[in-house]
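Asks: this one's structure only:
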């Protein structure tokens, strides 16, 4: 059997396969979720996995989950990220997922989603804002974190991406160091994520998932803001897709 989890986010699509074959891959979502779903289907077929086969069970999640017309089941992001987070952080933990469009804080108790929060789809507290600012500074996202780690924080107070970008442009015009601007940008996002997370009573075990999950520097910034250690996860980009694949096995294996 092949248990396939497909998480089509606003920026990237993640795929995890468990069962007879184990694999994962990530790709840009592009302009059309339906087109992305078709490409995923073709890439799986190249690996010998036919989603139309009765031996394949597919669960879709994420921003573009409804575009996966071959999915056996569609499950919400919170449920899938919670299940993937449980696999990575244990049964009693908080999952902070910083995505391209939104940020999610999911509290798990005994392996089940106890509570959750999502931001109001303002990109100023998401990975998209960092991507925009990295482009403005002429660096990659990885280089942005490297610069930030060597800089002193310049305050970026605007809650709106457009106005925050104006602040960055002003700093550039003033000749401020890129390291200091980068530090201000990362600190700004960490502050907004922490502000969301601190609306809940966080447990001692907190893991970071999503596109920024592999960044030790961002995890350290966030730890300072929430007052508790936030653990980066190497596999965190795939949290939603992994959860979807595991749920495919748990919910669909008997059908």
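Replies: Structure's in. What do you need? This one's a predicted model, so the numbers in the text were calculated from it and none came from an experiment.

Asks: just want the most central residue of the protein.
Replies: Closest to where the C-alpha atoms of the chain average out (CA atoms, centre = their mean) is residue 210, at 2.0 Å.

Asks: can you give me the buried ones in stretch 156-170?
Replies: Applying a neighbour-count criterion of 16 or more other CB atoms under 10 Å, one finds 156, 161, 164, 165, 167, 168 buried in stretch 156-170. Glycine gets a C-beta too; all of them are placed from N, C-alpha and C.

Asks: how near is the second one to residue 194?
Replies: Which is residue 161. The gap separating residue 161 from residue 194 is 18 Å, by CB to CB, to the nearest Å.

Asks: what of the last one?
Replies: Separation of residue 168 from residue 194 (CB to CB) stands at 20 Å.

Asks: residue contacts, the residue nearest to the centre of the chain?
Replies: Remark: with contacts taken as CB atoms under 8 Å, 6 or more residues apart in numbering, residue 210 is in contact with 96, 97, 98, 99, 103, 127, 236, 237, 239.

Asks: could you do residue 48 as well?
Replies: Counting by CB under 8 Å, 6+ apart, residue 48 touches residue 21.

Asks: relative to residue 167, how far out is it?
Replies: To residue 167, residue 48 is 51 Å away according to CB to CB.

Asks: picking that back up, and the contacts of residue 210 as CSV, adding secondary structure?
Replies: Output for those, formatted as CSV (DSSP: H, G, I helix; E, B strand; the rest coil):
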residue, secondary structure
96, strand
97, strand
98, strand
99, coil
103, strand
127, helix
236, helix
237, helix
239, helix
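
Asks: as a markdown table, those residues with neighbour count and pLDDT would be great.
Replies: Compiled in a markdown table, these are given as follows (neighbours: other CB atoms under 10 Å; pLDDT from 0 to 100):
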| residue | neighbour count | pLDDT |
| --- | --- | --- |
| 96 | 28 | 95 |
| 97 | 29 | 93 |
| 98 | 29 | 90 |
| 99 | 28 | 82 |
| 103 | 25 | 90 |
| 127 | 24 | 77 |
| 236 | 29 | 92 |
| 237 | 23 | 93 |
| 239 | 35 | 95 |
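
Asks: so residue 6 belongs to a strand, correct?
Replies: Yes - Residue 6 forms part of a strand when assessed by three-state DSSP.

Asks: what does the longest helix belonging to the chain rub up against?
Replies: For the chain, the longest helix by residue count, based on DSSP state H, is helix 178-197. Applying CB under 8 Å, 6+ apart, the contact partners of helix 178-197 are 94, 96, 98, 103, 105, 117, 119, 124-126, 129-130, 133, 137, 139, 144-145, 147-156, 159, 164, 168, 171-172, 206, 217-218, 221-222, 224-226.

Asks: any chance of a ChimeraX selection covering the buried ones in those?
Replies: Only the buried entries of the contacts of helix 178-197 go into this ChimeraX selection, using 16+ other CB under 10 Å:
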select :94,96,98,103,105,119,124,125,126,129,130,133,137,139,144,145,147,148,149,151,153,154,156,164,168,171,206,217,218,221,222,225,226
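
Asks: quick one: neighbours of the residue lying closest to residue 55 once chain neighbours are set aside, just the number.
Replies: Of all residues not flanking residue 55 in the chain, residue 1 sits nearest, at 5.4 Å (CB to CB, 6 or more residues apart in numbering). The local packing of residue 1 (other CB atoms under 10 Å) involves 15 other residues.
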